[in-house]
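>>> here's my sequence, what's the structure:
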Amino acid sequence: MAAKYYRDERAAARHPALISRSSQGVEEGYRLVGPGGPLTPIISHVQWLDNHPDGPDTHVMISFEDGTNVEFPFDVQLSAIWYDEQRAVNETDLLEAAPGVWGAPAEPWR
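Just a heads-up that it's a prediction; the model follows:
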């Protein structure tokens, strides 16, 4: 069973369904537009990697409900959509929102 995620629906209605976020600013309950346009599984956890070899505030681990993890440097521009978004987003918009840079698959942060 999937986790339950909540957002302020009134505030969300003031923004487009597909939103742009930096890698360190994505939130649980959203799905990312992946390379080539497909949506990722739902984001279940976002962890800043304070002990990263490049130093604190440089990388973030995004964990998905399917158990996969992707490590991103800070400031990678990503597009996200709420997991239960009711407004339609067409395939062309998803393709245009596909990231130019994607993170690296990673083991869970410990």
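>>> next, the distance between the ends of stretch 78-90.
One end of stretch 78-90 to the other measures 17 Å (C-alpha to C-alpha, to the nearest Å).
>>> equivalent analysis for stretch 88-102, please.
24 Å.
>>> for the helix or strand of the chain with the lowest mean pLDDT, packing partners?
Lowest by mean pLDDT, DSSP states H and E among the helices and strands of the chain is helix 9-12, with a mean of 92. Other helices and strands packing on helix 9-12, by 3 or more C-beta pairs under 8 Å, 6 or more residues apart in numbering; DSSP states H and E, are absent; none qualifies. Any C-beta I mention is one placed from the backbone N, CA and C, and that applies to glycine too.
>>> quick one: distance of it to the chain centre.
18 Å (C-alpha atoms, centre = their mean, to the nearest Å).
>>> can you list contacts of stretch 12-22?
If you take C-beta atoms under 8 Å, 6 or more residues apart in numbering as the criterion, stretch 12-22 is touched by 27, 33, 74-82, 85, 87-89, 93-94, 97.
>>> many thanks, we can stop here.
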